[in-house]
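In: Sequence first, then the predicted structure, then my questions.
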Amino acid sequence: MAFMSDTCFFEFWVGDGSVRIWKNYATKGKQKLVTGFSSIQGQKPGARDLNAVVDWQQQSGYLYASGEVSTVTLWDLEKEQLVRSIPSDSECGVTALSASQVHGGQLAAGFADGSLRLYDVRSPEPLVCATRPHQKVERVVGLSFQPGLDPAKVVSASQAGDIQFLDLRVTRDTYLTIDAHRGSLTALAVHRHAPIIASGSAKQLIKVFSLQGEQLGIIRYYPSFMAQKIGSVSCLTFHPYQVLLAAGAADSFVSIYTHDNTQAR
């Protein structure tokens with residue numbers, strides 16, 4: 001798994017939580033390894049793998065990491081040091097993380113039982129609220145704050161195929177549900193500024209929705225000669241500013257889609 005900040009490239013290994021950070025990543029022959037470390041420690045009893053997840057917060061310069069452990073760790077990458085370990089307050093492992101890009105202290109976490117928790121990392125008691133928006137006990141595979149200045153609205157997707165929209169100030173109910181896929185949802189992406197989201201499926205399918213739940217487009221596998229090919233979708237991400245969607249698949253191919261049409265680049 002890999003993702004980028006404005007200045008660095010992050011290479012992340014899910015199995016053991018190892019992180020490597022590179023600079024000059026876009027210049028051939030000039031790439032330089034800045035640092036590397038294990039982002040999480042303290043595997044839960046009985047867990048065979050860490051199944052680590054991370055998220056980067058540009059505003060604070062923090063890298064957040066968790067997995068099959070009982071804490072969420074905060075790393076200050078400028079100082080190259082651990083800032084804090086926050087108790088997850090759950091018996092289940094963390095399966096998705098989202099750090100707010102607008103409000104520096106807010107962090108949302110999704111868990112293997114379909115529950116969500118919101119934390120304020122600046123507080124001595126960081127847990128703000130907890131809820132379980134997904135009716136089926138399936139792990140949260142994607143989670144993100146919605147674009148805009150509202151600090152409490154998030155989008156959560158579970159492996160069961162449903163996408164839930166929540167205002168965490170009202171933790172009892174979701175205000176919008178999209179039944180995007182049937183038991184095969186593998187990835188979720190929410191654009192940082194544009195009001196669009198995308199979900200990916202193990203069944204070689206990508207759907208794009210508005211924040212009101214309207215389906216805006218669909219990208220699917222076509223088996224005919226010279227047609228577009230999509231593998232089982234493993235990860236999705238939007239460009240932070242442009243309306244471009246990148247999709248990684250289990251067949252090791254990465255495709256980039258634009259809003260003008262659904263042709264891959």
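Out: Great, that's in hand.
In: bridging residues for residue 256?
Out: Judged by DSSP bridges, the bridge partners of residue 256 are residue 246.
In: Can you give me the end-to-end span of stretch 117-126?
Out: 10 Å (Cα to Cα, to the nearest Å).
In: in the protein, which ranges drop under the pLDDT threshold?
Out: In the predicted model, the chain carries pLDDT under 70 at residues 1-15, 42-49, 172, 222-229, 260-265.
In: let's go with 50 and repeat that
Out: Along the chain, segments meeting pLDDT under 50 span 1-3, 262-265.
In: Next, count neighbours for residue 123.
Out: Residues lying near residue 123 (other Cβ atoms under 10 Å) number 11. (Each C-beta comes from the backbone N, C-alpha and C, glycine too.)
In: which one is it nearest to, not counting chain neighbours?
Out: Spatially, and ignoring its direct neighbours in sequence, residue 123 is nearest to residue 105 (7.6 Å; Cβ to Cβ, 6 or more residues apart in numbering).
In: right, and the one you found touches residue 121 too?
Out: Yes - under the criterion of Cβ atoms under 8 Å, residue 105 makes contact with residue 121 at 5.2 Å.
In: got the contact list for the residue nearest to residue 123?
Out: By Cβ atoms under 8 Å, 6 or more residues apart in numbering, residue 105 lies in contact with 120, 121, 122, 123.
In: just residue 153 next, same as before
Out: Residue 153 touches 145, 146, 165, 166, 167, 168, counting by Cβ under 8 Å, 6+ apart.
In: got the phi/psi numbers for the fifth one?
Out: When read as degrees, to the nearest 10, the backbone of residue 167 gives phi -110, psi 110.
In: Tell me the spacing between it and residue 129.
Out: 11 Å (Cβ to Cβ, to the nearest Å).
In: Also the fourth one?
Out: For residue 166, the distance to residue 129 equals 10 Å [Cβ to Cβ].
In: export the contacts of residue 105 to JSON lines and tack on distance to residue 85 and secondary structure?
Out: Below are the contacts of residue 105 laid out as JSON lines (distance: Cβ to Cβ, whole Å; DSSP: H, G, I helix; E, B strand; the rest coil):
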{"residue": "120", "distance to residue 85": "15", "secondary structure": "strand"}
{"residue": "121", "distance to residue 85": "11", "secondary structure": "coil"}
{"residue": "122", "distance to residue 85": "15", "secondary structure": "coil"}
{"residue": "123", "distance to residue 85": "14", "secondary structure": "coil"}
